[in-house]
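Participant: Structure of the sequence below:
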Amino acid sequence: MVKQKVVIRVSMNDQKSRSKAMKIAVGLSGVDGAVLKGEGQIEVTGEGVDSVRLASLLRKSFGHAELLSVGPAEEKKEEKKEEKKEEPIIQPWVWTSGVPQHPIYEIRCTNQFQDPYCSIM
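Facilitator: Okay, the predicted model is just below:
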């Protein structure tokens, strides 16, 4: 089946009625997700969602529910991001005083999600 999007307007006044409407919408079979849109609108997406049954359940609880639209869900195309492995930046330290004769390297990890302590292994 094709995913569909159902938009219903319900008179919801407070947070308690919003959560009650969301519980009713999500409790229906075939529902993948529900979102509160705008003022008193619920957008329900899923496969095989019975929009008439959803509207009648909301009418039963709230007294007024208006079916605004039923149509295919617009699927978001996920762009593939190329993950680049950033190699650590190596900067040589050169001592001019004559104590060490070889350069000393400092290794800095630029990946923010890595451990703060970079391992050379």
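
Participant: Using the three-state scheme, assign Glu74.
Facilitator: coil (DSSP: H, G, I helix; E, B strand; the rest coil).

Participant: and the nearest residue to it once chain neighbours are set aside, bridged to which residues?
Facilitator: Leaving aside its sequence neighbours, Glu74 sits nearest to Lys5 (C-beta to C-beta, 6 or more residues apart in numbering; 7.4 Å). Where C-beta positions appear, they are placed from N, C-alpha and C, glycine not excepted. Beta bridges link Lys5 to Thr45, Gly71, judged by DSSP bridges.

Participant: thought Lys5 was touching Gln41?
Facilitator: No: Lys5 is beyond contact range of Gln41, at 11.8 Å (criterion: C-beta atoms under 8 Å).

Participant: for the protein, what spans make up the helices?
Facilitator: 15-27, 51-62 (DSSP state H).

Participant: These: which one's closest to Ser69?
Facilitator: helix 51-62 (9.4 Å; C-beta to C-beta).

Participant: Next, the angle from that closest one to helix 15-27.
Facilitator: If you take axes from the mean of the first three to the mean of the last three C-alpha atoms, to 10 degrees, helix 51-62 sits at 150 degrees to helix 15-27.

Participant: So what touches helix 51-62?
Facilitator: 4, 6, 8, 10-12, 17, 20-21, 24-25, 28, 42, 44, 65-67, 70 (C-beta atoms under 8 Å, 6 or more residues apart in numbering).

Participant: and those, which are buried?
Facilitator: 4, 6, 8, 10, 12, 20-21, 24-25, 28, 42, 44, 65, 67, 70 (16 or more other C-beta atoms under 10 Å).

Participant: measure Val44 to Glu86 for me?
Facilitator: 42 Å (C-beta to C-beta, to the nearest Å).

Participant: Ala34 now?
Facilitator: 40 Å.

Participant: Next: Leu68.
Facilitator: Per C-beta to C-beta, Leu68 is found 48 Å from Glu86.
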